[in-house]
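Participant: quick one: sequence plus predicted model below, questions after.
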Amino acid sequence: RPKTEPSGRISRTGHAIPRTSKHRVVYEAPNKHVSGSFATIRYTVSDGIDTSAEGIVTFISDRNTDNVLVSSDFSDNADGWSVVGNGASSAVTHERSSHQLLNHFIYAADARLNIDPQTGRDRSAWYFNAPAKFLGFSAYAYNGKLSFTLGAFSGDFSPARRNSDLNMVVLECTTCNLGKGMRFAKKISEFNFDGTPTRFNLALNEKQWLKDPNSVLSTWTAPTQCEMVELLSSLSSIRILGDHTNFYETVALDSVQLTSPVVGHKHVIPMTCLCIHPGTQC
């Protein structure tokens, strides 16, 4: 059985605390400013025969008045962000300058064109791809927001050149839905991004997103409340569109945040969506 350090600190995962020991777990926060949550603890309870579903506790500073769970402000580096769908290029460039709403940001340029000769549509779209710290258990962001700033430095953003049928933002989980996965999106048609630096604040609830039916013959429809909670509980990717035109463009991303609607003891996850059959991915 993993043991604590002499100081009493839990030094590794899997440490068991007998119920009869009357021991208590106390979290000691770091003595420094943290943008987002401090840490997450996962635990289970067992009577020696049955084991509960996993409990998850996330620690957020009471000075975090914006309820930020995780963020990238790109003040020092690209913070693990990359690009997908841009041919062989997956790198972003970190920039320390400022321009309107952009202040220390990342950017990428279109490196691949795949235009349908009949429709003029861009068949290959590139996206900014979030790093691991934004993924995994994010259910506390339910009814919160995904916020970010986009701005363009080059490209023809006239209405005739703008892509009109792509996904603006994609949230995906590959392990949820009994292993079949789910993908939700915000369509680009909901916005009118013309390249001017713009702040986007997307509500994270089932009324604001569309669920991929995984069939070109079916219509995208709104997910249920519990599907939204389930996806946020096991996020495997967050992608933000950079390919806004059907030609070459350079687009920047800044100040990405996942926020919770509240902090403290108030429950933000609908109780009706909590698993009642542990181990079945309900």
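Facilitator: Right, received. Where do you want to start? Note that the structure is a prediction, hence the values are computed from the model and not measured.

Participant: please enumerate the helices of the protein.
Facilitator: Ranges of helices in the chain, per DSSP state H, are 225-233.

Participant: so where's it shaky on pLDDT?
Facilitator: Residues of the chain that meet the criterion pLDDT under 70 lie in 1-15, 17-24, 27, 29-38, 60-65, 87-89, 112-114, 116-123, 263-267, 275-282.

Participant: can you tell me how far the residue lying closest to residue 39 once chain neighbours are set aside is from residue 159?
Facilitator: With C-beta to C-beta, 6 or more residues apart in numbering as the criterion, residue 39 has its nearest non-adjacent residue at 5.3 Å, and that residue is residue 59. Heads up, the C-betas are built off the backbone N, CA and C, glycines and all. Distance of residue 59 to residue 159, given as C-beta to C-beta, to the nearest Å: 47 Å.

Participant: between these two, who's got more neighbours?
Facilitator: Legend: neighbour count by other C-beta atoms under 10 Å for residue 59 and residue 159, higher for residue 59 (14 against 8).

Participant: how close does the more buried one sit to residue 73?
Facilitator: Using C-beta to C-beta, we find residue 59 at a distance of 20 Å from residue 73.

Participant: how many residues are close by the closest residue in space to residue 272 that isn't next to it in sequence?
Facilitator: Of all residues not flanking residue 272 in the chain, residue 226 sits nearest, at 7.1 Å (C-beta to C-beta, 6+ apart). Close neighbours of residue 226, defined as other C-beta under 10 Å, add up to 15.

Participant: could we number from 54 for the rest of this?
Facilitator: With 54 as the first residue, the last one maps to residue 279.

Participant: let me see the contact set for residue 279.
Facilitator: 323, 325, 326 (C-beta atoms under 8 Å, 6 or more residues apart in numbering).

Participant: which of those count as buried?
Facilitator: For the contacts of residue 279, a neighbour count by 16 or more other C-beta atoms under 10 Å gives the buried set as residue 326.

Participant: ok, the contacts of residue 279 vs residue 108, which is closest?
Facilitator: residue 326 (15.1 Å; C-beta to C-beta).

Participant: thought the closest one was touching residue 283?
Facilitator: Yes. Residue 326 lies in contact with residue 283 (C-beta atoms under 8 Å); the separation is 7.2 Å.

Participant: just the CA trace of stretch 228-242, in PDB.
Facilitator: Coordinates of the C-alpha atoms in stretch 228-242 are reproduced here as PDB (Å, rounded to 0.1, in the frame of the first residue of the first chain):
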ATOM      1  CA  THR A 228     -14.500   7.400 -24.500                       C
ATOM      2  CA  CYS A 229     -18.000   8.600 -23.500                       C
ATOM      3  CA  ASN A 230     -21.300   7.300 -24.800                       C
ATOM      4  CA  LEU A 231     -20.300   3.700 -23.900                       C
ATOM      5  CA  GLY A 232     -17.100   4.100 -25.900                       C
ATOM      6  CA  LYS A 233     -18.800   5.300 -29.100                       C
ATOM      7  CA  GLY A 234     -17.800   8.900 -28.400                       C
ATOM      8  CA  MET A 235     -19.600  12.200 -29.100                       C
ATOM      9  CA  ARG A 236     -18.800  15.400 -30.900                       C
ATOM     10  CA  PHE A 237     -20.500  18.700 -30.400                       C
ATOM     11  CA  ALA A 238     -20.000  21.900 -32.500                       C
ATOM     12  CA  LYS A 239     -20.800  25.500 -32.800                       C
ATOM     13  CA  LYS A 240     -21.400  26.400 -36.500                       C
ATOM     14  CA  ILE A 241     -19.500  29.200 -38.200                       C
ATOM     15  CA  SER A 242     -22.800  30.500 -39.500                       C
END
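
Participant: what comes up buried for that stretch?
Facilitator: In terms of neighbour count (16+ other C-beta under 10 Å), stretch 228-242 has its buried residues at 229, 234, 235, 236, 237, 238, 239, 241.

Participant: mind listing the strands for the protein?
Facilitator: Listed in chain order, the strands of the chain (DSSP state E) span 90-96, 108-113, 121-125, 135-137, 146-152, 155-162, 180-182, 198-207, 220-226, 235-240, 251-256, 263-264, 290-294, 303-312.

Participant: list the buried ones in the fifth one?
Facilitator: Along strand 146-152, the positions that meet the burial threshold by neighbour count (16+ other C-beta under 10 Å) are 147, 148.

Participant: put the alpha carbons of it into CSV.
Facilitator: This file holds the C-alpha atoms of strand 146-152, laid out as CSV (Å, rounded to 0.1, in the frame of the first residue of the first chain):
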residue,chain,number,x,y,z
THR,A,146,4.0,30.8,-33.6
HIS,A,147,4.2,32.6,-30.3
GLU,A,148,4.1,36.4,-30.5
ARG,A,149,4.9,38.8,-27.7
SER,A,150,3.5,42.0,-29.2
SER,A,151,0.0,43.4,-28.9
HIS,A,152,-2.7,44.4,-31.4
